[in-house]
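>>> sequence and predicted model, in that order:
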Amino acid sequence: MSETTITVSETRRSWKDVDLRAVAPFVALAVLLAFGTIVNPNFIGIDNLLNVLTRSAFIAIIAVGATFVISAGGLDLSVGSMSAFVAGTMILFMNSGAVEGNLAMLATAMVFAMGVGALCGLANGLTTTIGRIEPFIVTLGTMGIFRALTIYLAEGGSIAMRAPDLRALYRPVYFGNIFGVPVPILVIIVVAVIAAFLLYRTSFGRHVIAVGSNEDVARYSGISVERVRTLTYIIQGLCVAIAVLVYVPRLGAATPTTGLLWELQAITAVVIGGTALRGGVGRVWGTVCGAVILEVVGNIMVLSDLVSEYLIGAVQGAIIIVAMLVQRSLSRRR
Amino acid sequence: MSETTITVSETRRSWKDVDLRAVAPFVALAVLLAFGTIVNPNFIGIDNLLNVLTRSAFIAIIAVGATFVISAGGLDLSVGSMSAFVAGTMILFMNSGAVEGNLAMLATAMVFAMGVGALCGLANGLTTTIGRIEPFIVTLGTMGIFRALTIYLAEGGSIAMRAPDLRALYRPVYFGNIFGVPVPILVIIVVAVIAAFLLYRTSFGRHVIAVGSNEDVARYSGISVERVRTLTYIIQGLCVAIAVLVYVPRLGAATPTTGLLWELQAITAVVIGGTALRGGVGRVWGTVCGAVILEVVGNIMVLSDLVSEYLIGAVQGAIIIVAMLVQRSLSRRR
Amino acid sequence: QEQKNVTIAVSIPAADHGWTGGVVYHAERAKVALEKLHPGLKIVVKTSPDGASQANALEDLTTQGIDALVTLPHNSDELTDPIRQVKDKGVFVTVVDRALSDPSIQDLYVAGNNPELGRVAGQYLKDNLGTGDVVVIRGLPIVIDEERQKGFDEAIAGSNIKVLDKQFGNWSRDDAFRVMQDYLSKFPKIDAVWCQDDDMAVGVLEAIKQANRSDIKLVIGGAGMKEMIKKVADGDQLMPINVLYPPSMIATALELTVANFYDQIPVRGSYVLDATLVTKDNANEFYFPDSPF
Amino acid sequence: MTHSPLLAANSLFKAFGPIEVLRNIELEICSGEVHAIIGENGAGKSTLMKLLSGHLQPTRGSLSINGEKVALVGPVDAEKRGIVLVHQEILLAPDLTVAQNIFLGRELKRGFTVDDRAMNAGARDAMRSLGADIDPTRVVGRLSIAQRQLVQIARALLVPHQLVIFDEPTASLTPVETEALLNVIHGIRAKGVAVLYISHRLAEVKAIADRVTVLRDGQLVTTRDAAELEPVDMARLMVGRDVSKLYPDHAARESEEKVLEAEHFSVPGYVKDASFYLRKGEILGFAGLIGAGRTELMEGVVGLRPSRGTLRQNGMSVRFNNARESMDAGIVYLSEDRKGRGLLLAQDLRTNLTLASLKKFTRGPLIDKAAETAALDNAIVEFDIRTRRKDLLAGQLSGGNQQKLLLAKMMLLSPRIVIIDEPTRGIDIGTKEQIYKFIARLAESGLSVIVISSEMPELIGICDRIYVMRESRVVAEVTGERMNESEIVVHATGATFEEAALVAETA
Ligand SMILES: Nc1ncnc2c1ncn2[C@@H]1O[C@H](COP(=O)(O)OP(=O)(O)OP(=O)(O)O)[C@@H](O)[C@H]1O
Ligand SMILES: Nc1ncnc2c1ncn2[C@@H]1O[C@H](COP(=O)(O)OP(=O)(O)OP(=O)(O)O)[C@@H](O)[C@H]1O
Ligand SMILES: [Mg+2]
Ligand SMILES: [Mg+2]
């Protein structure tokens, strides 16, 4: 956002340097893991760790999308309510019984959700690029819109999956595992691999970074800034939809509070992962690590008995700042 | 060092242009006022308008502080929970009965609140500048910290003013008026005048803009970037404290919901007012206008019978986007 | 007496407004009292800001090994499955306030009665006001709010009570103040106000006081916040009654659950607390000056 | 002319608001020629080039390519037609690497993926052909201005082109790189490509151009064969008067008083163990190649970078932690990077002028805007800042005028010691003369001046003494007789005298 200036003066580059910056979030995570083990030995148990990783799926997947938006110099505050909206419409679709056969229905519903997500992203993208309004305002607006639509669809209550057999069929998408690895963790990995490929290995990814780094230069180089930015919002929408696909089988319902504050968590994960909010840098794996860090902090809070219930928020806030300090001091090598 | 190129080619500047950009938010407000009157004639009644203006005081005052932070290239997400924290400690101080005499107590409590606000701002400022962490993360962290501390102090409930006579003495600060003008409106005006003076007429204000425009240039011009940034956070803290001074006499209590989402509203007010989130531009009066716009939109929603209560959030979001579009198209004159 | 080691987990919403604040307060207090009473007892209280994180907390609590779970779920639809998982591990489950979609999961159900809260308020209006214009301030758009609203609507159905407007006050004093101010601008005559929660009533009263309006005869809140109970006890004109919905129900649930382990009496079934109508006569019974709520 | 016109401008006009900056320009560029455009700062050269390359659209008039009338809708369109512009300002994405920038928007692909190996190799070759050895995987944001300039040139030359426009490409280059670039230009001309070349270094123009067009005040004065013109004539045509004597007489005053001394002074990562001194009333030069560390040395001295070692001012040991402290001690530093570190491009001239010395313009807490305006008027006269309006943003000034504004800004601090990094980068010959005079006057009035410059004639012309830096070290001090180009090049490059003489000759 701000901070457009790079202090060339103080950061010199060497290979060590680059590596450190990329590993910094992982080091912060390792420190947290050690801390958690000290606080409560149960923490490092395989079950607990799998739980934590599995839960981090929603934020991780959404944050991978946010990595694109932010790298391209945008911002999306609407992802939380977009999740609720996509989940709500998807469940309503499944409840409508529009398709015969459970498996067919489930597949169609998934495609439907992806479509809704992409459309939501498209709306955000077009409004920021063609309307030329600060993404902060646009997505704050759509945040209200998606949330209100969900409430409207739920008529103030919640939208729950009705058919029990469909639910049973869908359940393994969150609770199942393949060779002992929970499905959501596999989904994170697949999404991150595709995203990393897209961002680092394709010309689209290159253009994303260029647009975030200097819009004018990108434009002069024949890159359609509007197209690239809009595409990042669509990717964000798709990621939200994928997160929803994993989310719905877990709780089987969408409520007006679904996805509340996920936008802040997603952005935090992105920043902890080493992506700069001003754009021009994108680190997919760092983002995933950032999402896991957030989830681990929450987990440690529940497992520990150190602080009063009232103060958990304070400790959580402090840990995130400290994690960031660890990260920064590492990447500055001083 | 990056982003040094400005498309001089595409943004042209003339006196007309400048004026339009500064009036744009006011035009948007006028359009809204007209719309409100059509929807419900009660809207334009003097009582209703005074109510709305009075209520906008909190966000307006906080947003004036945010104008400094944002102009200098920073961001503060903690203002909402900071408000709750300052209000809570101020009330606890008044309840402590540490000072004899109601008037003396009230005065001391006010000074105390300002002190707490300034310290909270200082904490934010030092952590971002010395710790060199993105302000987004720092203030997200302190947002959690201030909120949790408030809940801790309130033991989950609310912190209410105990002494009824002290409350009676304090009440007019929100409910009173001077020559028919409610006190909070006067406070907005005084704060905005001082802020405008500071930002436009003093060297500190110049430095704020310089730091927000290009940190390196500021540093090479002998400006202490850290000092200026930290000061903007302190100003933000003081503005929060002033808002709290007006807030506390209204309901006489601080609760866990005090100041919830005020940060988003304050930032929105700043942006609607014409200040760019990337820094380097600051418009105090535009900010005040932005805060009023937000409050007016909410007021119209309640006064109208157009939409279901479930959809209000959607319409509100849409109106803000449209207000921004009006604003932008005006300032682009195309 | 031999020492018996029992671990009970309490999972409740975070203290995000007055009532939930009261829940956390009573849970913490009951924890201290009960642990003192039973040396082998360990009670772990965890709060969560939303449904998804409550599901997380349930997983985390279960991994630590617990004997019983006392939970006030954010949302029944969402949390039925996560609680079922806890149950499947052989844990005794007590559900408070919000019944699960599948009632067979809960061993014990201790509840306030949300539809009843709305119904009692509506009934009182119907009986005492007869005819008149009422404005409603709802909480947040979630199930509890919907249930209370439904109960209210059913109670006044067919009467001459007319609901002029409904808006959300988000269970916040500030938002309720704002909505009430706007109602006062919008409607020249309002006979009564029903807001679902006493926190919001604080804002409503202040707005009425500022507007100097004499047409409003009644303000009905709910949930039994101590300041409001005090008003009722003191015979306040504007606020003669309150409808109870005590956050202390969490303590009741905890006590019952503990009894199941220590008193050798199996405790099962449903305990539905009444949405008691608090009037001047019985108000003192419900006034707890030390409670934060 | 035997060539057919490749690109022709037919009575072009360009106005920004009410101000006309170009009037009735008629220009023909033929394939295989190097056509130089010269003119004073603000004459409209860059604007004309932007019109020719689609970055700006003319208010009136038209362009034709190969006799066919065209309207260029944007730079991409122009590039498709084979017209590329190397900007005066650096236009690169700071977060991308050298290779990524060079291939931006036209990445080499292998299947779906970008072929980074091929692009790195291509970028390395492109940089080598410009005589630069920059690692293609380095991030552009960390390169020096000169290095970025080279990357930008490499990028432009990569597309198939019929006309290459260079807007002051050599302003930040040292003789060695300039030499390489001129060779490249000879190469492209030989392939039948047309070159438009803007430079304030008239010797360079003389050496490379076939034809020369002179602009003055937005109007085309004349187009002539380069063979007919000597640099003096060009200067006269540009400025409208004789500029026969560029460098002022400046008698080195033999004051032995050392106002600034550095001993074993290091700037970690950039400068090792530098020792130098500056006398009162002296003009001291620092020569060296790009990346030698001259800039960093001075930034270390004034406290803009962490440093180690001894620094004495007037015999007393000092250490500055930031620019404010050194300014208060009477030492000011003018950055070479006027856009990145010198001026706030999005703010107006007044704000920029007084930014470093605001204290002088405050009465009580208030900024005295009238005094600021007066100071701006003064600066415009004293430094000959060519601007038709005073309410322009700094970014809207022509490059040379920005430099003058920066000079004015720093002189407002009334310093005792002035350190100027590349004082005349992008400045026209008439103004150069003024700046040299100005520097000489400063020295005569008892101030001391340090000049860092990549233009050796300039250093030799105005300095009393010159230090030469090479690879982070001060390697030599040259005075008197030994202050000549080949001597300096020898020290700067570590080459032999014969090689050095060759370079010096062509530069
Ligand atoms: N966007 C703009 N708005 C207003 N005036 C402008 C703008 N761009 C350029 N100018 C003015 O146009 C004139 C010509 O500028 P130009 O950059 O073409 O000069 P130049 O010949 O390239 O000078 P230099 O040698 O200093 O680079 C200057 O007076 C400049 O201030
Ligand atoms: N030891 C080194 N290792 C790696 N890079 C270096 C080293 N020394 C210098 N550099 C690079 O060279 C650049 C310093 O060159 P710079 O051009 O600023 O120096 P200079 O002597 O002032 O040159 P000029 O004034 O001609 O531009 C830096 O950007 C830095 O990245
Ligand atoms: Mg130019
Ligand atoms: Mg240099």
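Thanks, I have the structure now. Numbering: from 1, shown residues only, chains lettered A, B, ... in the order given. Ligands and ions are numbered 1, 2, ... in the order given.
>>> show the contacting residues for the residue in the stretch 1-150 of chain C that ligand 4 sits nearest to.
Of all residues in the stretch 1-150 of chain C, residue C:49 sits closest to ligand 4, at 53.5 Å by Cβ to the ion. For the C-beta atoms, the positions are set from N, CA and C on the backbone; glycine is no exception. By Cβ atoms under 8 Å, 6 or more residues apart in numbering or on different chains, the residues touching residue C:49 are A:260, A:261, C:13, C:14, C:16.
>>> quick one: what helix or strand has residue D:197 in it?
strand D:194-198 (DSSP states H and E).
>>> ok, which pair from the contacts of residue C:49 is furthest apart?
A:261 and C:13 (14.1 Å; Cβ to Cβ).
>>> among those two, which residue is more densely surrounded?
For residue A:261 versus residue C:13, the count of surrounding residues by other Cβ atoms under 10 Å in any protein chain shown is larger for residue C:13: 24 against 12.
>>> ok so, going back, quick check: next helix or strand after the strand holding residue D:197?
Following strand D:194-198 in sequence order, the next helix or strand is helix D:202-208 (DSSP H and E).
>>> can you give me the strands for the stretch 101-250 of chain C?
Taking DSSP state E, counting those that start in this stretch to define them, one finds strands in the stretch 101-250 of chain C at C:108-111, C:131-138, C:160-168, C:192-195, C:218-220, C:242-243.
>>> I misspoke; the intended subject was the stretch 151-300 of chain D.
D:163-167, D:194-198, D:211-216, D:219-225, D:258-267, D:271-279, D:283-288.
>>> any part of the last one near ligand 2?
Spelled out, that is strand D:283-288. Yes: part of strand D:283-288 sits near ligand 2 under the criterion Cβ under 6 Å from any ligand atom, namely residue D:288.
>>> what strands flank that strand, and is each parallel or antiparallel?
Note on strand D:283-288: by DSSP bridges, its sheet partners are strand D:448-452 (parallel), strand D:465-470 (parallel).
>>> now the residue nearest to residue D:397 when sequence neighbours are not counted, what's its secondary structure?
Spatial nearest neighbour of residue D:397, chain neighbours left out: residue D:387 (6.0 Å); criterion: Cβ to Cβ, 6 or more residues apart in numbering or on different chains. At residue D:387 the chain is in coil, as set by DSSP: H, G, I helix; E, B strand; the rest coil.
>>> ok, residue D:387 - how many residues close by?
For residue D:387, the count of nearby residues is 19 (other Cβ under 10 Å).
>>> my read: it touches residue D:349, true?
Yes: with contact defined as Cβ atoms under 8 Å, residue D:387 reaches residue D:349; the gap is 7.1 Å.
>>> before we move on, back to that, now distance to residue B:83 too, for the strands of the stretch 151-300 of chain D, in a markdown table please.
A markdown table is the format used below for those (distance: least, Cβ to Cβ, whole Å):
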| stretch | distance to residue B:83 |
| --- | --- |
| strand D:163-167 | 53 |
| strand D:194-198 | 57 |
| strand D:211-216 | 60 |
| strand D:219-225 | 62 |
| strand D:258-267 | 46 |
| strand D:271-279 | 50 |
| strand D:283-288 | 55 |
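>>> returning to what we had before: from residue D:401, how far out is the residue nearest to residue D:397?
The gap separating residue D:387 from residue D:401 is 6 Å, by Cβ to Cβ, to the nearest Å.
>>> intersection of neighbour lists for these two?
In contact with both residue D:387 and residue D:401: residue D:42, using Cβ under 8 Å, 6+ apart.
>>> any residue of the strand holding residue D:197 up close to ligand 1?
No: between strand D:194-198 and ligand 1, judged by Cβ under 6 Å from any ligand atom, nothing touches; the nearest distance is 7.2 Å.
>>> I figured residue A:155 hits residue C:146, correct?
Yes: Residue A:155 lies in contact with residue C:146 (Cβ under 8 Å); the separation is 7.3 Å.
>>> who has more neighbours, the two?
Using other Cβ under 10 Å as the criterion, residue A:155 and residue C:146 rank with residue C:146 on top: 20 against 12.
>>> how much space between that one and chain D?
Residue C:146 sits 50 Å away from chain D, taking Cβ to the nearest Cβ, to the nearest Å as the criterion.
>>> contact partners for that residue?
Listed by Cβ under 8 Å, 6+ apart, the contact set of residue C:146 reads A:155, A:156, A:157.
>>> what's the spacing between the last one and ligand 4?
To ligand 4, residue A:157 is 67 Å away according to Cβ to the ion, to the nearest Å.
>>> so that residue: helix, strand or coil?
Residue A:157 ends up coil, using three-state DSSP.
>>> mind listing what residue D:458 touches?
Applying Cβ under 8 Å, 6+ apart to residue D:458 gives the contacts D:247, D:424, D:432, D:436, D:451.
>>> identify, from those residues, the entry nearest to residue B:184.
residue D:424 (58.4 Å).
>>> now the spatially closest residue to the closest one that is not a sequence neighbour: how far from residue D:200?
Spatial nearest neighbour of residue D:424, chain neighbours left out: residue D:432 (4.9 Å); criterion: Cβ to Cβ, 6+ apart. When distance is defined by Cβ to Cβ, residue D:432 is 7 Å away from residue D:200.
>>> between those two, who's got more neighbours?
Using other Cβ under 10 Å as the criterion, residue D:432 and residue D:200 rank with residue D:200 on top: 27 against 23.
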